[in-house]
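**Student:** coordinates only, sequence not included:
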């Protein structure tokens with residue numbers, strides 16, 4: 001361990017796979033201040049800045065398969081969203097509204113002194129990435145979204161598709177007052193297939209705030225009765241979407257008409273054998289697609 005004045009405590013973090021420890025470190029730790037909220041990140045590489053945002057329930061480590069490949073030609077920053085793992089966990093639903101979450105991304109951009117960033121988001125990280133690209137169009141060079149439809153398309157499906165309404169019931173439950181006794185660190189890691197990685201997830205979720213995780217839904221997810229009324233600014237940068245078709249939470253019907261809300265090139269890749277956590281279910285394919293799209 002060593003100390004650097006502008007990053008704080010720095011540690012070398014390794015990717016652990018069954019039976020082996022990669023000699024190549026994933027990156028170095030650091031912290032960024034976002035209006036008084038301290039956010040933890042892991043960074044690697046040099047070049048154009050790629051900011052990676054995880055979803056629920058997750059943390060920066062979800063990008064462990066993609067980071068080494070992207071870091072060959074980019075500086076990659078994988079963020080712990082507020083409320084998760086080593087980032088601060090402010091109290092109150094009002095601290096998890098989309099404007100605060102978008103502000104966190106801009107704080108990362110400013111921290112690294114960049115005019116523009118490449119933004120990657122999955123699930124809630126995807127929602128934040130969409131919102132940042134819409135509201136800071138001059139600051140996003142490219143946008144990569146994994147398993148999170150454009151908010152207008154999801155709004156349409158929630159208003160008109162009974163199957164999507166049914167499959168979003170979990171979000172309704174998360175919006176109820178009080179803690180959810182079923183959301184233990186062990187239960188939240190149910191989807192992690194690699195037993196060694198699952199241990200890391202349980203540890204990270206024990207450091208996280210379960211209340212904060214639910215505040216994302218309470219502050220931002222649409223409430224019943226669903227309406228297809230809100231409008232959104234256009235996305236003005238090239239967009240890559242990767243969607244695992246076995247996602248039981250976000251159905252593929254919400255991918256339709258995405259192009260209506262974009263002004264630049266749009267690439268959509270659907271992976272039939274991957275589920276919601278597509279970056280892990282089809283890690284090699286997702287990594288290859290992202291690298292080829294960014295470098296091609």
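**Tutor:** Nice, thanks for sending it over. No experiment lies behind these values; they were computed from the predicted model shown. Residues are numbered from 1 along each chain as shown.
**Student:** use CA for all of it now, contacts and neighbours both
**Tutor:** Noted.
**Student:** Now do the strands in the stretch 101-250 of the chain.
**Tutor:** 117-122, 140-146, 239-244 (DSSP state E, counting those that start in this stretch).
**Student:** any idea of the angle the last one forms with strand 140-146?
**Tutor:** This points to strand 239-244. 10 degrees (axes from the mean of the first three to the mean of the last three Cα atoms, to 10 degrees).
**Student:** Tell me how far strand 239-244 lies from the chain's centre.
**Tutor:** 13 Å (Cα atoms, centre = their mean, to the nearest Å).
**Student:** Please name every helix or strand in contact with it.
**Tutor:** strand 140-146, strand 266-271, helix 278-281 (3 or more Cα pairs under 8 Å, 6 or more residues apart in numbering; DSSP states H and E).
**Student:** Please repeat the previous calculation with a cut-off of 7 Å.
**Tutor:** strand 140-146, strand 266-271 (3 or more Cα pairs under 7 Å, 6 or more residues apart in numbering; DSSP states H and E).
**Student:** So for residue 294, which of those strands sits nearest?
**Tutor:** Proximity to residue 294 (Cα to Cα) singles out strand 140-146 among those, at 8.3 Å.
**Student:** Give the partner strands of that closest one in its sheet and their orientations.
**Tutor:** Take DSSP bridges as the rule and strand 140-146 pairs in its sheet with strand 117-122 (parallel), strand 239-244 (parallel).
**Student:** got TSV for those, with distance to residue 256 too?
**Tutor:** Shown next, in TSV, are the strands paired with strand 140-146 (distance: least, Cα to Cα, whole Å):
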stretch	distance to residue 256
strand 117-122	18
strand 239-244	12
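**Student:** which one of those lies closest to residue 289?
**Tutor:** strand 239-244 (8.6 Å).
**Student:** and the angle for that closest one with strand 266-271?
**Tutor:** 10 degrees.
**Student:** Can you give the contact residues for strand 239-244?
**Tutor:** For strand 239-244, the external contacting residues (Cα atoms under 7 Å, 6 or more residues apart in numbering) are 142-147, 265-276, 278.
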